[in-house]
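Build me a model:
(2 chains)
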There are 2 protein chains.
Amino acid sequence: MGFVTFIGAGPGAADLITVRGARVLAHADVVLFDALTDPALRATAPDARWIDVGKRGFARSADQTAINALLVRMAREHAQVVRLKGGDPSLFGRLEEELQALAAAGIECEVVPGITAALAAAAAAQRPLTRRGRGRSVSLVTAMTRQGELQATRCADSEVFYMAGKQLGALPRRLLAQGWAADTAVCVVSRAGWPDQLISQHHIHTLPQATMLHAGHPTVVTVGTAAEAVAVAAPAMPMGPNPRAAGVATVSS
Amino acid sequence: MGFVTFIGAGPGAADLITVRGARVLAHADVVLFDALTDPALRATAPDARWIDVGKRGFARSADQTAINALLVRMAREHAQVVRLKGGDPSLFGRLEEELQALAAAGIECEVVPGITAALAAAAAAQRPLTRRGRGRSVSLVTAMTRQGELQATRCADSEVFYMAGKQLGALPRRLLAQGWAADTAVCVVSRAGWPDQLISQHHIHTLPQATMLHAGHPTVVTVGTAAEAVAVAAPAMPMGPNPRAAGVATVSS
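Residues are numbered from 1 along each chain as shown, chains lettered A, B, ... in the order given. As a prediction, the model looks like this:
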C-alpha cells in the first residue's frame, strides 16, 4: 500500500512551490496533476509517471469521482504517489473528497501547503491583504455557487474572488447589491507569479473594462481595502508593482 | 541604491519557504528577519548579515518606525536586501508601512509570497478550508483590534483567527455573541508545519480547554466548516492528521 502526498504547486510558476513540496515531488513514482500546474515542474521528477487529470477549479466536477478512483488505484500500485494541485490544496481544490476516498480505502496521506492565488496576486500587485487600522480581515471566496450562480459577498474588510474571470461584467451589480460603494477599489490579477502576469486597477463601476484584458487567464479579483495601491508619502516616487519582473503590465481604469 | 525583496518564510519550518524565496535569500547581502522565522534558514545565506528585528505579529508595534528606517538604510548601503517575514508578507505583516517607507525613499522592491499560517494549519490538520457545497468562503482575521480589543466575527462559512493564542478563554463568549452555535467545530493548531506542531479539536463551548495545550506557541484558531474533521464513508479507517510527521499530537475536547 502506497502513501499519497497532496502538494500545493502554487499559482503557476514552478518556483513558487515550497522547498518541501519540491523535495517530496522529486521522490514520486506517480504524479496526478491539474491543468493549472506548471509543466516545468516535470523536471523535478523526470522519471515519475505523470498523469494529467485536467481539473481546473470547479469546471469539470463530473470527473471528480474518476479522479478519486484513479488516486486510490495508483496508491495501491505504487509506493509514493503525489497529487499535485494548483495553488493550495486546502482552498477550492476538492481536497475533502479526495481525502475521503483515501480514508475509505485505508490509504495514508499528508498535505503540503502551497501558495494560493490570493497571496500570489497580493505579492505581484504589492497590495497587502491586511492594512493596519483599515483592513483587519480578508475573505477568500468563489464567486460561483455549486449551482453555477454568481454570488458576491461583503463580509470582511476585503474580499478576494476566485474563478471570477468570466464574471467581471456581471460582478459589479452583485457587489453593489451587497452594499459595496461604486467607487470601491478593485484589483484584478491574472497569471499571478508568471512572467506574463497582468495587473489592472479599477473601481467597481469600471470593472467590466477588465473583461477583455484578462480573458482566458486564471484570474483573482480583490475588492476593498486590499485592492488599494499603497499610498506613498512625500518625498515620493512612483512605485509600480513588481518592477523587476519581465512582462508585467499594469492597467488602470 | 539597493533592491529589497520581501520574502514570506512560511509558518516556521524552514522547508516551507518557496523555491523562489530560498533562491533570492541565497543571494542576499543583508537579511532583516522576524522572530517567527526558522533559524535553520540562516544556512541558506551564511555569508549575509542577519539582523533580528524581533517583530512578532502586532506585539511590538512601537518598533515599526525603527524597522522602516533600518530597512531604508540597509537598502542604501547594500545591493541585495531581504526582508524575511514569518508566514506571508501580505497578511498581518505590516507590509504596507514598509512598502511606503521604501517608496518614499525611492527604493525598488518586490514581494515573494509565503505560506500563511491558515494554510499550514489546514494542511497539518487535513481539514480543507473550503468544502464543496458547504464551505464556499473562508475569512482570515486577527482577533485583536489595533486598540487591543478582542473581537470575533462571523462573516464567511469559516473563520481563521490569527494571533488568538492568548484569547482562547475569552473567545467563546465573543463567538457566541456573533451568532455562532455553541457546538460549532473549532480546530486549534499551534506551530503548524513544525515537528512539534499540536492540533486540538473542540467545540466553541469547550475551547477554553485549549488554552494550556497551546500556551506560548503561535496559534491559529479555525471556526466553522473548515474546522470539521473530514468525514469518512464506510468501509472506513481512522485517519489521523499528518500520520508520518514526527511528534504530532492531536487532542479532542
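
what residues are up against the residue of the stretch 51-200 of chain A found nearest chain B?
Nearest residue of the stretch 51-200 of chain A to chain B, counting by C-beta to the nearest C-beta: residue A:155, 2.8 Å away. No exception for glycine: its C-beta is placed from N, CA and C like everyone else's. Residue A:155 makes contact with A:139, B:137, B:139, B:153, B:155-156 under the criterion C-beta atoms under 8 Å, 6 or more residues apart in numbering or on different chains.

Closest one of those to residue A:25?
Nearest to residue A:25 among these, counting by C-beta to C-beta, is residue B:137 at 29.8 Å.

What's opposite the closest one in the beta bridge?
Applying DSSP bridges to residue B:137 gives these bridge partners: residue A:141.

same check, this time on residue A:223
Going by DSSP bridges, residue A:223 forms beta bridges with residue A:159, residue A:186.

pretty sure it is in contact with residue A:183, am I right?
No. Residue A:223 is not in contact with residue A:183 according to C-beta atoms under 8 Å; the separation is 11.8 Å.

who touches both of those two?
residue A:204.

The two: which has the busier surroundings?
residue A:223 (30 against 10; other C-beta atoms under 10 Å in any protein chain shown).

and residue A:82, how many residues sit next to it?
29.

so when I look at the residue of the stretch 51-200 of chain A closest to chain B, I'm seeing a strand, right?
No. If the criterion is DSSP: H, G, I helix; E, B strand; the rest coil, then residue A:155 is coil and not within a strand.

Can you check the contacts of residue A:155 and name whichever has the most neighbours?
residue B:156 (29 neighbours).

Next one: that one from residue A:141, what distance?
Separation of residue B:156 from residue A:141 (C-beta to C-beta, to the nearest Å): 7 Å.

Common neighbours of those two, please.
A:153, B:137-138.

can you give me the strands in the stretch 51-200 of chain A?
A:80-85, A:109-112, A:137-142, A:158-162, A:185-190, A:198-203 (DSSP state E, counting those that start in this stretch).

Counting by contacts, list what the last one packs against.
This means strand A:198-203. helix A:117-125, strand A:185-190, helix A:210-213, strand A:249-252 (3 or more C-beta pairs under 8 Å, 6 or more residues apart in numbering or on different chains; DSSP states H and E).

And for the fourth one?
For strand A:158-162, the elements it packs on are helix A:117-125, strand A:137-142, strand A:219-224, judged by 3+ C-beta pairs under 8 Å, 6+ apart.

If we use 6 Å, what do you get?
When contacts are defined as 3 or more C-beta pairs under 6 Å, 6 or more residues apart in numbering or on different chains; DSSP states H and E, strand A:158-162 packs onto strand A:137-142, strand A:219-224.

Hey, what's the angle from the first one to strand A:158-162? Just curious.
Using axes from the mean of the first three to the mean of the last three C-alpha atoms, to 10 degrees, the interaxial angle of strand A:137-142 with respect to strand A:158-162 works out to 20 degrees.

which other residues reach strand A:137-142?
A:92, A:118, A:129, A:153, A:155-163, A:226, B:136-141, B:156 (C-beta atoms under 6 Å, 6 or more residues apart in numbering or on different chains).

Now find how far off-centre that strand is within its chain.
Average the C-alpha atoms of strand A:137-142, do the same for its chain, and the two points are 12 Å apart (C-alpha atoms, centre = their mean, to the nearest Å).

How about the last one?
Relative to its chain's centre, strand A:219-224 lies at 11 Å (C-alpha atoms, centre = their mean).

tell me the mean pLDDT for it?
Taken as a whole, strand A:219-224 has a mean pLDDT of 96.

Repeat that for the first one.
Taken as a whole, strand A:137-142 carries a mean pLDDT of 94.

quick one: it to strand A:219-224, angle?
Going by the same axes, to 10 degrees, strand A:137-142 makes 150 degrees with strand A:219-224.

what would the helices and strands packed on strand A:158-162 look like in a markdown table with distance to residue B:208?
Below are those laid out as a markdown table (distance: least, C-beta to C-beta, whole Å):
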| stretch | distance to residue B:208 |
| --- | --- |
| strand A:137-142 | 24 |
| strand A:219-224 | 33 |
